[in-house]
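**Q** Sequence and predicted structure below; questions after.
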Amino acid sequence: MNYYSMEERETLYRYDPIDKRWYISSSHIPDIKKILERAQVVRQDRDESGRVIYVEAEAEPGQVRIYHDK
């Protein structure tokens, strides 16, 4: 069961060209799992059972790919 409703879940990726880093935040569980494995986590919020329900992280430019699926 998810802590947030479907309307509340989101994953945001923001690139800062000055820092040359990606800033990521997510409340969507499948994305949180990937972020925890691949990025430098700077904040985690947990529910009563200890499951991570929100994450903020940073990533190097080579760690994030944006592509267009044809």
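**A** Arrived safely, thanks for sending. Numbers count the residues shown, from 1 in each chain.
**Q** mind listing the helices for the chain?
**A** Ranges of helices within the chain are 29-38, based on DSSP state H.
**Q** how near is the closest residue to R51 other than its chain neighbours to A39?
**A** In space, and not counting its chain neighbours, R51 is closest to Y3: 7.7 Å by C-beta to C-beta, 6 or more residues apart in numbering. Glycine gets a C-beta too; all of them are placed from N, C-alpha and C. Distance, Y3 to A39, using C-beta to C-beta, to the nearest Å: 20 Å.
**Q** And these two? Which one has more around it.
**A** A direct count of neighbours by other C-beta atoms under 10 Å for Y3 and A39 places A39 higher, at 20 against 17.
**Q** Dig out what the closest residue to the more buried one other than its chain neighbours forms beta bridges with.
**A** Ranked by C-beta to C-beta, 6+ apart and with sequence neighbours excluded, the top spatial neighbour of A39 is A57, at 3.8 Å. For A57, the beta-bridge partners are I24, V41 (DSSP bridges).
**Q** What does the pLDDT read for A57?
**A** A57 carries a pLDDT value of 98.
**Q** ok, it - contacts?
**A** Contacts for A57 (C-beta atoms under 8 Å, 6 or more residues apart in numbering) come out as 23-25, 35, 39-42.
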